[in-house]
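S.K.: have a look at this fold, sequence not included:
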């Protein structure tokens, strides 16, 4: 017995309406804005590809795209290596302590990027200086005051925040590896190392597809953490793509131009996601 | 073999414990230093306070207008979650029970919309909602429904495919209308999916900064992340107050986590894997 037509649309109406006014209309509106010199009050004129042309000579925007890409690559590797290691650790037979470890590793994920950013600002600025004073190791001095420490600061913060989240995903895949398979391998003389690489690893490849997709797109879209930890400084040298778009739109009020950046940003994220899914899917079937 | 097993276990326990300490150390530092005076932090950041004091807390609590701020966060998060749970489960019910071209197309539409990053529609979204005077809490809830609908609809459709249609039919023959079937039969059977949808969205709404900063950036409507941000801007040179504020801002979610951690972690993994 299927839905009557009218009831069917009635059930879908509120959600479809929200989707329409929040995503679909703004999307097309945004594409249109990107060809204009919209300033937030009026669309003064249609200027064709002018905004897009200007992007290529906008050094700060290109820099922030590069910075975001570098940040994403390093973070994604860090998060997945740690996340998988944590998952392997807490799925060993360690008793109740496993749950405690899992709880702790996951904790940063519950707290918003703004608060996490401020926590690490304190750690890098005050605690690190404290460690430097105590031990005399100069490595801990002057964090967040230059591009390099700003970059690594953001990476550390983001890896700390996201590893627990990715751990949860790997755990659920690891728990689905049939026990008989591992037992059979052990009886055949496989050691732990072989058990992981030869049995577990091939079976959790789908987890990589999910985890890489989530971490990559989240890393590219980071804003709150960037805002709270470095707010792009010093001198815009740790400004990520999203912050650059935001500032162009709401500080400089060049909304049309900012929207062109946003469209480029959308294209980049979509391309990366599609390529990544293609590659990991292929690996999934190969193994 | 036995000995090897045990050594392995101890090594794992040791590594796990060290990482755990490292992982909570930032929280520990913030907590300990929030119990120091201004000069106490200046003298030593790493040590324990010579005389622990709670004097920073009432000041931070007051300055953050925490009761109102907390209430604002509850209203936004609670209201938006209520809306998203009801409407997306209704949509999911319709999609899962009427296969055909329309449903396939709508499903695809949700999938495509999921790929649009927020930043790429942020500017037109704000100008459209501004034009119809919806830069307020109602507008924010509508935005959250739109932005969060895809994932929630997928989760509900997935779960409802597992519920036999015979159940609906029996109820309808017994005289229920569609809405009654949805409300009295479907929703109660979808509890675990609803928990997942609530957990995923609650974490997002509660912690969200960027969108609320564009939509409800008015004194009196600040949520916890917004208020924390402004408080920090004002007091960033006075770490003792700023840190107390951070602790206050984190307390509600940490308490919730202690009680509901199993549901939270299960919800997260359900949401990511499906």
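M.R.: Everything's here; your move. These figures come from a predicted structure and were not determined experimentally.
S.K.: only C-alpha atoms from now on, for both contacts and neighbour counts.
M.R.: OK.
S.K.: pLDDT at residue B:1, what is it?
M.R.: Per-residue pLDDT puts residue B:1 at 55.
S.K.: same check on residue B:271?
M.R.: pLDDT at residue B:271 comes out at 78.
S.K.: next, the contact list for the residue in the stretch 151-274 of chain B positioned nearest to chain A, please.
M.R.: Nearest residue of the stretch 151-274 of chain B to chain A, counting by C-alpha to the nearest C-alpha: residue B:207, 4.4 Å away. With contact taken as C-alpha atoms under 8 Å, 6 or more residues apart in numbering or on different chains, residue B:207 is in contact with A:111, A:112, A:113, B:224, B:225.
S.K.: could you dump those to CSV with pLDDT, neighbour count and secondary structure?
M.R.: What follows is the contacts of residue B:207, written out as CSV (pLDDT from 0 to 100; neighbours: other C-alpha atoms under 10 Å in any protein chain shown; DSSP: H, G, I helix; E, B strand; the rest coil):
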residue, pLDDT, neighbour count, secondary structure
A:111, 93, 20, coil
A:112, 91, 23, coil
A:113, 93, 26, helix
B:224, 94, 29, helix
B:225, 93, 27, helix
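S.K.: pull the most distant pair out of those.
M.R.: Distance extremes for the contacts of residue B:207: the farthest pair is A:113 and B:224 at 12.0 Å, using C-alpha to C-alpha.
S.K.: how about low-confidence regions in the chain?
M.R.: If you meant another chain, say so; for now it's chain A. A:1-2, A:43, A:285-287 (pLDDT under 70).
S.K.: sorry, I should have been clearer: chain B.
M.R.: Those would be B:1, B:274, if you go by pLDDT under 70 across chain B.
S.K.: tell me which helix or strand the one residue sitting closest to the centre of it sits in.
M.R.: In chain B, the centroid-proximal residue (C-alpha atoms, centre = their mean) is residue B:203; its distance is 1.2 Å. Using DSSP states H and E, residue B:203 sits within helix B:191-207.
S.K.: how far does that helix sit from the chain's center?
M.R.: 6 Å (C-alpha atoms, centre = their mean, to the nearest Å).
S.K.: same check, this time on stretch B:237-251
M.R.: The chain centre lies 21 Å from the centre of stretch B:237-251; the measure is C-alpha atoms, centre = their mean.
S.K.: what about stretch B:261-272, near chain A?
M.R.: Yes. Stretch B:261-272 reaches chain A (C-alpha under 8 Å from any C-alpha of the partner chain) through B:261, B:265, B:268, B:269, B:272.
S.K.: other residues contacting that stretch?
M.R.: With C-alpha under 8 Å, 6+ apart as the test, stretch B:261-272 has contacts from A:103, A:165, A:168-169, A:172, A:210, B:155, B:195-197, B:199-200, B:257.
S.K.: nearest to residue A:8, of those residues?
M.R.: residue B:155 (18.7 Å).
S.K.: for residue B:87, what are its contacts?
M.R.: A:11, A:12, A:14, A:15.
S.K.: make it 7 Å
M.R.: For residue B:87, the contact set (C-alpha atoms under 7 Å, 6 or more residues apart in numbering or on different chains) comprises A:14, A:15.
S.K.: point me to the helix or strand that includes it.
M.R.: helix B:66-97.
S.K.: buried residues in that helix, which are they?
M.R.: Going by neighbour count (16 or more other C-alpha atoms under 10 Å in any protein chain shown), the buried part of helix B:66-97 is B:66, B:69-70, B:72-74, B:76-78, B:80-81, B:83-85, B:87-97.
S.K.: grab the nearest non-local neighbour of residue A:270.
M.R.: residue B:115 (7.0 Å; C-alpha to C-alpha, 6 or more residues apart in numbering or on different chains).
S.K.: swap that for residue B:114, sorry
M.R.: residue B:150 (5.9 Å).
S.K.: burial count for that neighbour?
M.R.: Residue B:150: 22 surrounding residues under other C-alpha atoms under 10 Å in any protein chain shown.
S.K.: so it touches residue B:112, yeah?
M.R.: No. The pair residue B:150 / residue B:112 is not scored as a contact, 8.8 Å apart, by C-alpha atoms under 7 Å.
S.K.: what about the helices in the stretch 151-274 of chain B?
M.R.: B:165-173, B:178-180, B:187-189, B:191-207, B:210-215, B:224-235, B:239-273 (DSSP state H, counting those that start in this stretch).
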